[in-house]
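Predicted structure and sequence below. I'll ask about it afterward.
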Number of protein chains: 2
Amino acid sequence: MSNLKACVDALYEGVDRVADNIPGLPKCEVLLIRLLLLTGEALQRDVENKLKPFDMNDSDFRTLMMLYSSADGSSTPGELCALAEQKPTNMTRITNLLVKRGLITRSNATHDRRQVVLTITADGRRFVRKLLPPMFPEVVTKFSCFSQTERQTFERLLKKLALHLDTADTP
Amino acid sequence: MSNLKACVDALYEGVDRVADNIPGLPKCEVLLIRLLLLTGEALQRDVENKLKPFDMNDSDFRTLMMLYSSADGSSTPGELCALAEQKPTNMTRITNLLVKRGLITRSNATHDRRQVVLTITADGRRFVRKLLPPMFPEVVTKFSCFSQTERQTFERLLKKLALHLDTADTP
DNA sequence: GGCTGATAGTTCACCAGCGAACTATCCGCC
DNA sequence: GGCGGATAGTTCGCTGGTGAACTATCAGCC
């Protein structure tokens, strides 16, 4: 139980109080950032909790899923880093674990011998097919507070924001 | 530069491919979760980058801001933990740092001697007032892709989702 | 053909966050 | 008044993520 309500209330109150004190504070935008981070963290915690019984965390899971969902079941560390917004260091560690568990394999690329090719194994695919379906019901109820159009609106706004942040990046 | 566009595209593509493969996958909801986490991580990175010149990270900053924005400039570790969704262990470490930098003080509560009272110092207040304003312009541009009504809608949906997640928590 | 700069991964040392165990205090009830 | 269970913080050891340094390879250019 994480009592987000208290956090949300305190957030609004706190921002109000700071705004009284510091002129020019963009209240609405600050609220949006903090609300988004707050819900994001809550979702993240839930996902991690769901994965814990399988002795997995979200990074491992995402990495595995990227391979599962790739066209030919394989990719390179560099590509996975780019798509998962991860650093190579961490990807090395994650793939080490997945290799050790037999869910993926590591091999050398022929055309560019610097590259490593990661490929999901049959075991890895079985693991995903076993692990995913039980998560569906809870995922659905997470958003059961939204109407169909609200879901669409939320998705549209999130996507718009993501693409905007991409261009307006901090150099 | 973090190339979120590639992530978003790959996300949609990947979910499509997995959905073809595993029946019953709630595509829309999975997309929402992943989009939200993606944008959340991007925002988080930006905030951290903004704070780095001041030798601060977001946890430290949030903790300091909670004290700054509290009615009397003080609180207890327990309360801060609840509002920041942090564990006590970590709060001890964070407050240790802030105390060492002279931004807050630690003292004992009189009515309940188990409690520790954290109070923001004059230096701490000065620090916040110096640090905040330069962040405003960038915060505003982050959401400059949204119209006024879109901002309101987004805020409403985020808040609704946060409060819903609160009740529909994983036991 | 071999030098130069860029790129793909890995290793290493460090920081941030967490669960479990511990201490000190409080509260309620005999 | 003192015993038992709950609560507030801290300490400790471990996991997850990162920057910096390093190795191996590639690609272009003389």
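Arrived safely, thanks for sending. Residues are numbered from 1 along each chain as shown, chains lettered A, B, ... in the order given.

Might you report the residue contacts of whatever residue of chain A ends up closest to DNA strand C?
Chain A approaches DNA strand C most closely through A:Gly78 (2.7 Å), counting by Cβ to the nearest atom of the strand. Every residue, glycine included, has its C-beta placed from N, CA and C. A:Gly78 makes contact with A:Pro88, A:Gln115 under the criterion Cβ atoms under 8 Å, 6 or more residues apart in numbering or on different chains.

Using the three-state scheme, assign it.
With DSSP: H, G, I helix; E, B strand; the rest coil as the basis, the three-state label of A:Gly78 is helix.

Give me the distance between it and A:Cys7.
Using Cβ to Cβ, to the nearest Å, A:Gly78 is found at 38 Å from A:Cys7.

how many other residues sit next to A:Leu98?
Residues lying near A:Leu98 (other Cβ atoms under 10 Å in any protein chain shown) number 23.

And the strands in chain A, which stretches?
Applying DSSP state E to chain A gives strands spanning A:74-75, A:104-108, A:116-120.

For B:Tyr12, which of those is the nearest?
strand A:74-75 (16.9 Å; Cβ to Cβ).

That closest one packs against which elements?
The helices and strands touching strand A:74-75, judged by 3 or more Cβ pairs under 8 Å, 6 or more residues apart in numbering or on different chains; DSSP states H and E, are helix A:58-68, strand A:116-120.

packing partners for the first one?
Using 3+ Cβ pairs under 8 Å, 6+ apart, the elements in contact with helix A:58-68 are helix A:27-51, strand A:74-75, helix A:77-84, helix A:88-100, strand A:116-120, helix A:122-131, helix B:4-21.

what does the last one rub up against?
So the one you mean is helix B:4-21. The contact list for helix B:4-21 (Cβ under 8 Å, 6+ apart) reads A:65-66, A:68-71, A:82-85, A:132, A:159, A:162-163, A:165-166, B:25, B:27, B:30-31, B:34-35, B:38-39, B:42.

that older thread, will you turn the strands of chain A into CSV that also has mean pLDDT and mean neighbour count?
Shown next, in CSV, are these (pLDDT from 0 to 100; neighbours: other Cβ atoms under 10 Å in any protein chain shown):
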stretch, mean pLDDT, mean neighbour count
strand A:74-75, 96, 18
strand A:104-108, 96, 15
strand A:116-120, 98, 19
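
what about A:Met65, how many neighbours?
Around A:Met65 there are 21 residues (other Cβ under 10 Å).

any idea how far it is from B:Glu138?
For A:Met65, the distance to B:Glu138 (Cβ to Cβ) stands at 32 Å.

Kindly report the same for A:Thr76.
From A:Thr76 over to B:Glu138 (counting by Cβ to Cβ), the distance is 34 Å.

So which residues on chain A come close to DNA strand C?
A:76-79, A:81, A:88-89, A:91-93, A:95-96, A:106, A:112, A:114-116 (Cβ under 7 Å from any atom of the strand).

Walk me through the domains of chain A.
Chain A breaks down by automatic domain parsing into domains covering A:1-53, A:55-131, A:133-171.

Using TSV, lay out those domains together with distance to B:Gly14.
Below are these laid out as TSV (distance: least, Cβ to Cβ, whole Å):
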stretch	distance to B:Gly14
domain A:1-53	16
domain A:55-131	4
domain A:133-171	15
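
Number of residues surrounding the nearest residue to A:Asp123 once chain neighbours are set aside?
Setting aside the residues directly before and after it, A:Asp123 is nearest to A:Gly102 in space (Cβ to Cβ, 6 or more residues apart in numbering or on different chains), at 5.2 Å. Counted with other Cβ under 10 Å, the neighbours of A:Gly102 add up to 12.

these two touch, right, A:Gly102 and A:Ala122?
No. Using Cβ atoms under 8 Å, A:Gly102 makes no contact with A:Ala122, being 9.6 Å away.

Of all the helices and strands packed on helix A:58-68, which one is nearest DNA strand D?
helix A:88-100 (3.4 Å).

ok, for A:Phe143, nearest residue in space, not its chain neighbours?
B:Glu29 (5.0 Å).

That neighbour and A:Gln148: what is the separation?
Counting by Cβ to Cβ, the gap from B:Glu29 to A:Gln148 is 12 Å.

ok, the two, which is more surrounded?
Each of B:Glu29 and A:Gln148 has its neighbours counted (other Cβ under 10 Å); B:Glu29 has more, 20 against 8.

While we're on the more buried one, how confident is the model there?
At B:Glu29, the model reports a pLDDT of 97.
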